[in-house]
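**Q** 3D model of this:
(chains A and B)
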Amino acid sequence: AQRVTQPEKLLSVFKGAPVELKCNYSYSGSPELFWYVQYSRQRLQLLLRHISRESIKGFTADLNKGETSFHLKKPFAQEEDSAMYYCALSGRASGTYKYIFGTGTRLKVLA
Amino acid sequence: GAGVSQSPSNKVTEKGKDVELRCDPISGHTALYWYRQSLGQGLEFLIYFQGNSAPDKSGLPSDRFSAERTGGSVSTLTIQRTQQEDSAVYLCASRRNEGANYEQYFGPGTRLTVT
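**A** The predicted structure follows:
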């Protein structure tokens, strides 16, 4: 079955500490992976996608096909990073296109 | 350009009444998605459209929920005989098309409260 797993519902770190938001996926094909972010009182928006190999707001994510993971990392957390983060995958399975979100991880960066 | 818009932004209704929620996608986007976000919870997929067809409606929680899309543009989500457990934020998103590489663009959501 296609699935995206974010094992942590809540992650609290201190400002300046490294942060890693975990994402594991289960998919039969070769999906595209994304991270979305929802800041307080703002709409959900794309943070970064695997295919772009980009770093946004200091965040990076590496696709590990062996471990089927796409963890989101930042070396030094900032208070403004506090938000809800969703991992998502997109691909085609059984003739149908799928876009699957994980359950989300709330990141709190403490002063 | 204009992003995804949703109306109304807030809706309070009495239990048992029907409600209609509207989504206006980004012009030219052929794929459209509906999600539900309950307080403190993640995203719950409801249905998606490619054009006016709904290839995947597996997330609709009951037959009280239905959705349609006309002209490959505006979509409405209808909830009949609303129940208190239907209270949530309903999000709409659109994509250029259903191909794997495209991101979703989300609307601001409609907050539904069933009293």
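**Q** show the average pLDDT along the strand ranked longest in chain A.
**A** The strand that spans the most residues within chain A, counting by DSSP state E, is strand A:83-93. Confidence over strand A:83-93 (mean pLDDT, whole number) is 91.
**Q** now it: buried residues?
**A** Of the residues in strand A:83-93, those buried under the neighbour-count criterion (16 or more other Cβ atoms under 10 Å in any protein chain shown) are A:83, A:84, A:85, A:86, A:87, A:88, A:89, A:90, A:91. Where C-beta positions appear, they are placed from N, C-alpha and C, glycine not excepted.
**Q** pretty sure the third one is touching residue A:103, no?
**A** No. Contact between residue A:85 and residue A:103 fails when scored by Cβ atoms under 8 Å: they sit 10.8 Å apart.
**Q** circling back: list the buried residues in the next helix or strand after the longest strand of chain A.
**A** Once strand A:83-93 ends, the next helix or strand along the chain (criterion: DSSP states H and E) is strand A:96-101. Neighbour counts using 16+ other Cβ under 10 Å place A:97, A:98, A:99, A:100, A:101 of strand A:96-101 among the buried residues.
**Q** setting aside sequence neighbours, what's the nearest residue to the second one?
**A** Counting by Cβ to Cβ, 6 or more residues apart in numbering or on different chains, residue A:98 lies nearest to residue A:2, which is 5.6 Å off, once chain neighbours are set aside.
**Q** kindly report the residues of chain B close to chain A.
**A** Counting by Cβ under 8 Å from any Cβ of the partner chain, the residues of chain B close to chain A are B:31, B:33, B:35, B:41-43, B:45, B:48, B:50, B:55-56, B:91, B:93, B:95, B:98-109.
**Q** turn the buried residues of strand A:96-101 into JSON lines, columns for distance to residue A:65 and pLDDT.
**A** JSON lines is the format used below for these (distance: Cβ to Cβ, whole Å; pLDDT from 0 to 100):
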{"residue": "A:97", "distance to residue A:65": "20", "pLDDT": "81"}
{"residue": "A:98", "distance to residue A:65": "18", "pLDDT": "84"}
{"residue": "A:99", "distance to residue A:65": "19", "pLDDT": "89"}
{"residue": "A:100", "distance to residue A:65": "17", "pLDDT": "91"}
{"residue": "A:101", "distance to residue A:65": "20", "pLDDT": "93"}
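**Q** and which of the residues you listed is nearest to residue A:28?
**A** residue A:98 (10.3 Å; Cβ to Cβ).
**Q** tell me the spacing between the closest one and residue B:98.
**A** Going from residue A:98 to residue B:98 by Cβ to Cβ, to the nearest Å gives 9 Å.
**Q** pairing partners for whichever strand or helix holds residue A:11, with directions?
**A** Under the assignment given by DSSP H and E, the secondary-structure element containing residue A:11 is strand A:10-14. Partners of strand A:10-14 in the sheet, by DSSP bridges, are strand A:105-110 (parallel).
**Q** how about the strand it pairs with: buried residues?
**A** Along strand A:105-110, these residues count as buried under the neighbour rule (16+ other Cβ under 10 Å): A:105, A:106, A:107, A:109.
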